[in-house]
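Peer 1: Structural data only, the sequence is not supplied:
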C-alpha cells in the first residue's frame, strides 16, 4: 500500500475493502472517518431508514468508478451511488457496510454544441450550473427541480426528475440522449446516441433513467437542449374553492393552451408561505393558480387563460406587470415546501400524479384524508401535469401524530392509484414507496422489473433495498 | 374441434398448431392457405430473406393474442408480429414455419381525451386514421412516417417511427405513455401510465418501443397528444451545392429557430421527382431545402430563416403563398422515394442519422461512395435531425450491380458511424442491419441487449432472427 493510515482499528473486512479501493483511487478520494461517512448516510426523505457506510469514495474519473465497481463485485460489497442527496424518497440512503459512491467530484461540462443542441456532461454537474452554462450559448436545459441550485444531473437522471417546466417541456427523461454507464462488474456500457434520432436496438438509455442507481453508475450523459425561449410572464388567479381552480386547469388544457408553467397552491400552502416570508399572498382564497407563458406574446396568452379562469369562477385574475413581478410569484411557489415544513417541523412530501381530469377529485380526497387524520396537509401541485405534492405536516416527536402522518401518506397514494394515477410523478420510489411500487405495477410487472435488475446486477450489489 | 377443414394434407406439426390455435380463435382468424400466408411473408425491405409462415392469425381481442402466445410457447413455434408490413428493414419478415401474428384487426380507437391529451388505441389503428380522429377534437398526434396512410400504430411503436415532424415534435417514442403487452408466455403486462408524468419503477414502456416485436406483443397503447398547431407554411430554398444547404441547416438550428419541418432533397432526387410527377422543380439546383413553421406568425419565421439560407449561399428562396402551395411542396418531398424507385426499378433505402453538424460531411461522403460504385444514389433527408435517407438505385436483375448496391449501402453506414451517427434514425434494424447493430453498440452493448431479450423471451420465439 502506498498510503499509511493512522486510524482506530477497523473491522477486517472494511480494512480489506479500503485497501483494495486505495489501489485504484487517491487517498483523498477514500473516506473512512465515521464522522464524515455518517454525513453521507441520508438523502432528504423522512421515515426512511439508513445504514452506516463502510466507506465513502469520491472518484474523479471513469476509470476510478470502474475500479470501485470491480472491487465491489470482487468483495460483494453493496454500492450506493449519490449525487447531492437532495432526493425525497430515500433512494440515496446508505445501507450498512456499503460503499457510498459520491459522483459529486465528476462535475465537468465536457461539451456544449449549439448546432447539435446537445451538452455532454459528467454526473456531478449541478443542474443550475449546467442551466446557466448553456444559457450563455442561447440554449435551454428545461428540467428544473426545486432543488436545482444543488441537485446534480446524475441524481436527476437517477430519478427522472421533473420541476415546474414539465407541463410544457417534460421531465429529465426527455432530455437524455445517451449515457456512459459503469456496470456492476466495472465494464463500461455506452447507450444511445448524440444524434437527434436513433433506433438501433433496445432503448437502454431510458432503462437507466429513473432506475435510481440500481442498474449501473452513470458517468457521462449526452443531453438534448432547446433554444432559449423568451422570458416567461406569470399570472395569478384566486379561487373560492380548490375544485374551481382544478376546473380552470382542465379548461386551459382542453382549450389547447401550452403554458410554460401551471401551478396550484392551496389555502394551507398560501398561509404557510405568508407566515414564513410575509409575502402578503391573498389568504382569503381557497386556491391560487399560477400560469405562465414563454411565447412571443405572453400577455395575449395570459389574457386568454385569464378569461378561462374567470369562466371557471376565479374571484380575481392578476397578470404580472413585468419579469420582476413574475419572479416574485414564482418565488412564492418555490417557497411552498420550506414554508410547510416550518408549520410543524417535519413533513412528508407525497408525489402522486393523476390524469389531470382527476385533479379536482385528488384534491378533494386529500382534504378528506387530512380531516380524517386530524392533520395539516398542504397541497402544492404541478397542476398542468396532474402532479400533486400533498405535504403532510406533523410533529416527529409525537408518536401518534407520526403514525397518523404515515397512514395519511399511504392513503393519499391509494387514492392516486384509484383515480388512475401513479404513486410518484417525479420523486422516485427509493425506500419510501417500495411497497407501493409493487401495488402499482402488479405481480407481472414486478417480476419483469426484478428480472431486468438481475440482468444488470446479478449479485445485487447496486443500491440494494431500493425500488423493490 | 368445432370447425371442419377440407384442405390438402399438411405436415403433422402444422396440423397440431392450427388445431391448438383454433381452440381459442374463430376459424376466420386462422389462415393456412399458402396462397394467402405467402402474401404475409414480407415487409417492404429489399435484400431481406423471408421464410414461409405455417399460419397467419388475425386476432381481434387481447385474450385471443394471449391464446396465440400460450400456444406458441407450448409448441415452441416462432411468432412474427405484423402491422401493415410497410417497414423498410425486414423486421416483419416471416421465418419458416412461424405464426404470423397480424394485429391489423385490432383497430379500435378506445378513447380520446382532450383534457388529459391522450388517446388509447389498439395496435392495428392506422396512423392516418388516428391523426384524423384526434384532429376532430382539436388535437394532434405528430408522428408522421411517409407510410402514414397505411402503417399502423403498433408498427410505429415497434420501430419507434419518425417522419417529417420530428425536427420539432420528436419520434413515436416521445408519444407512448403506457402499453399493454402480451408476453411470450401469454401473460399480460401493463407498463407506464396514463398520466403526464410518472417514475414508478423501470421504464419498460420505452424498452418495448423500438423493440421490433422481439420482447412482447403490444395490444394497447396510451398515447400522448398535443394541441393542434396552426397550419404550417412552407418555404423552398435552392442551393448551388449540397454543402451550402447543409450549412444553412446548421445556421437555422444554431440560430434558435424551431421549424416544424426542415427537409433536404439533392439534385438526383429532384430530377427523379420531376421525371415521375412533372412537378417542374428547379433542376439546375444542387440541393433544395424545405423549411416550414406552424407558429402563429409563420411568414415572419420563414423570412428569418430565408435570410439565413441566403447568407449560406442560397441562389433562390421562395416562400409558399398559401397552404395549397405549401402542400404541393410537401407532396414533392413525399414523392422522393417512389420517384427514386422509378429510376432503376429497385432501391435500398438507408437511414443513417448523424449529428446535424456532420450533415455536410455525410452528404459529401455519400456522393463519393456513389461515384466509387458507379451507382445512382439520391439523398433526401430530414435535414433538421441529421437523418439522411440515401437511396441506392440499382437493377436487381444485374448481379454485379446488386453487389455494388449492397456494398455501397454498407459503406454509407460505416461513414455514418465514423461521423458519430447511428445506422438507423427511424427505420429500425430488422434483418437488414443486424450485423451493423453489433458494430454500432459494441460487444458489451450487444451482451446486455441479448440478456434483456432473454428475460422477456427465454425460448427465443418472438420474432427470431431480427435485431441480433
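Peer 2: Alright, I've got the coordinates. All of these numbers come straight from a predicted model, not from anything done at the bench. Numbering: from 1, shown residues only, chains lettered A, B, ... in the order given.

Peer 1: any chance you could map the helices in the stretch 51-200 of chain A?
Peer 2: For the stretch 51-200 of chain A, the helices defined by DSSP state H, counting those that start in this stretch cover A:62-75, A:127-135, A:153-159, A:166-169.

Peer 1: With respect to burial, which of those helices scores highest?
Peer 2: For the helices of the stretch 51-200 of chain A, average neighbour numbers computed from mean count of other CB atoms under 10 Å in any protein chain shown are highest in helix A:153-159, which has a mean of 31. From N, CA and C alone the C-beta is placed, and that goes for glycine too.

Peer 1: Where does the prediction get shaky in the stretch 151-300 of chain A?
Peer 2: Nowhere does the stretch 151-300 of chain A drop to pLDDT under 70.

Peer 1: run the last query once more with 90
Peer 2: A:163, A:283-284 (pLDDT under 90).

Peer 1: Going along the chain, name the strands of it.
Peer 2: A:176-182, A:188-192, A:217-224, A:226-227, A:233-239, A:261-266, A:287-293 (DSSP state E, counting those that start in this stretch).

Peer 1: Of all those, which one comes closest to chain B?
Peer 2: Chain B lies closest, by CB to the nearest CB, to one member of the strands of the stretch 151-300 of chain A: strand A:226-227, at 3.4 Å.

Peer 1: so what secondary structure elements neighbour the closest one?
Peer 2: strand A:139-140 (3 or more CB pairs under 8 Å, 6 or more residues apart in numbering or on different chains; DSSP states H and E).

Peer 1: So in that sheet, which strands flank the strand it packs on, and in what orientation?
Peer 2: Sheet pairing of strand A:139-140 (DSSP bridges) gives strand A:226-227 (antiparallel).

Peer 1: Not counting its own residues, what contacts the strand it pairs with?
Peer 2: Identification of contacts with strand A:226-227 by CB atoms under 8 Å, 6 or more residues apart in numbering or on different chains yields A:117, A:138, A:139, A:140, A:141, A:142, A:169, B:256, B:257, B:258.

Peer 1: show me where the stretch 351-468 of chain A has helices.
Peer 2: Going by DSSP H, counting those that start in this stretch, the stretch 351-468 of chain A shows helices at A:359-373, A:399-418, A:434-456.

Peer 1: Does residue A:67 touch residue A:25 like I think?
Peer 2: Yes - judged on CB atoms under 8 Å, residue A:67 makes contact with residue A:25 at a distance of 6.4 Å.

Peer 1: Find the closest residue to chain B in the stretch 251-400 of chain A.
Peer 2: Taking CB to the nearest CB as the measure, the point where the stretch 251-400 of chain A comes nearest chain B is residue A:256, at 3.4 Å.

Peer 1: which non-adjacent residue is nearest that residue?
Peer 2: Closest residue to residue A:256 apart from its sequence neighbours, by CB to CB, 6 or more residues apart in numbering or on different chains: residue B:227 at 3.4 Å.

Peer 1: Just give me the neighbour total for that neighbour.
Peer 2: Residue B:227 has 16 neighbours, counted by other CB atoms under 10 Å in any protein chain shown.

Peer 1: and if you look at residue A:114?
Peer 2: 18.

Peer 1: Confirm residue A:339 sits in a helix?
Peer 2: Yes - counting by DSSP: H, G, I helix; E, B strand; the rest coil, residue A:339 falls inside a helix.

Peer 1: now the helices for the stretch 201-350 of chain A?
Peer 2: Under the criterion DSSP H, counting those that start in this stretch, helices of the stretch 201-350 of chain A are mapped to A:204-208, A:242-254, A:267-277, A:298-311, A:323-334, A:336-344.

Peer 1: Point out the most buried one among those.
Peer 2: helix A:204-208 (a mean of 25).

Peer 1: Where does the prediction get shaky in the stretch 301-450 of chain A?
Peer 2: Low-confidence segments of the stretch 301-450 of chain A (pLDDT under 90): A:321-328, A:334, A:343-345.

Peer 1: who in it is up against chain B?
Peer 2: Contacts of the stretch 301-450 of chain A with chain B, taken as CB under 8 Å from any CB of the partner chain, map to A:353-357, A:382, A:384-387, A:420-429, A:433, A:437, A:440-442, A:444-445, A:448-449.

Peer 1: Now for the closest residue to residue A:401 other than its chain neighbours: which residues touch it?
Peer 2: The shortest distance from residue A:401 to any non-neighbouring residue, by CB to CB, 6+ apart, is to residue A:394 (4.7 Å). Residues in contact with residue A:394 (CB under 8 Å, 6+ apart) are A:344, A:346, A:347, A:348, A:375, A:401, A:402, A:404, A:405.

Peer 1: that older thread, how close does the residue nearest to residue A:256 get to residue B:139?
Peer 2: Distance, residue B:227 to residue B:139, by CB to CB, to the nearest Å: 6 Å.

Peer 1: Repeat that for residue A:248.
Peer 2: Per CB to CB, residue A:248 is found 20 Å from residue B:139.

Peer 1: now swap in residue A:389 and tell me
Peer 2: Per CB to CB, residue A:389 is found 28 Å from residue B:139.

Peer 1: One more: residue A:59?
Peer 2: In this view, residue A:59 and residue B:139 are 48 Å apart by CB to CB.

Peer 1: And residue A:111, by the same measure?
Peer 2: Taken as CB to CB, the span from residue A:111 to residue B:139 is 37 Å.
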